[in-house]
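# Sequence plus the predicted model coming up.
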Amino acid sequence: EQQRLVPFTARYVAVVTSRQSKLGLEAEKTLIMPGTVRYEVDLAAISATDLAWNAETQELTVTLPPIRLAGPEIDMAGIREFRDGEVLMFFTDAEQRLDAANRAAAMRALLAQARGETPLRLARGAAIRAVEQNFALPLAVAGMDATVRVRFRQE
């Protein structure tokens, strides 16, 4: 119904530390935050111009839109924190500031990991295999000995 293919999911862990100094005191918090990212292909974005049939070679070429990242979905039960500098945190808003800085940095770190070359390559490969199968099966059932080639628009 959503017309989204999720060919790949990955779990990442971000470890970030923030520090604050004030009034000669220091506070530090380390956040370990796991999260899951889904790699999605919007199948609704495929139009007739993204399909090319070569009758001579019996080859169907399918051009997919770019993979999009969904998430990260944070595993709240898996979050761990380590802290130092209780005095500064008790008397100032240092803890709230450190928490906010760590959350923002952890989200950036999770997304940076998800955008890495290796996970994107794996996600593209999984998407290509899934779409090839989804197009090849109906062609085979129709009695056609066709080859299906899948690529992404940016390639």
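Perfect, thanks for sending it. For clarity, every value in this text was computed on a predicted model and none was experimentally measured.
# just the strands in this protein please.
Secondary structure of the chain (DSSP state E): strands at 4-22, 25-42, 51-54, 59-64, 68-74, 80-84, 147-152.
# Among the ones you listed, which comes closest to N102?
Among the strands of the chain, strand 25-42 comes nearest to N102, with 3.9 Å by Cβ to Cβ. All C-beta spots, glycine's among them, are computed from the backbone N, C-alpha and C.
# for that closest one, what is the average pLDDT?
For strand 25-42, the mean per-residue pLDDT is 95.
# can you pull the buried residues of the lowest-mean-pLDDT helix or strand in the chain?
With mean pLDDT, DSSP states H and E as the measure, the helix or strand of the chain carrying the lowest mean pLDDT is helix 86-91 (a mean of 84). By neighbour count on 16 or more other Cβ atoms under 10 Å, the buried set for helix 86-91 is 88-89.
# can you list the residues that contact that helix?
For helix 86-91, the external contacting residues (Cβ atoms under 8 Å, 6 or more residues apart in numbering) are 20, 22-23, 25-27, 83, 94-95, 98.
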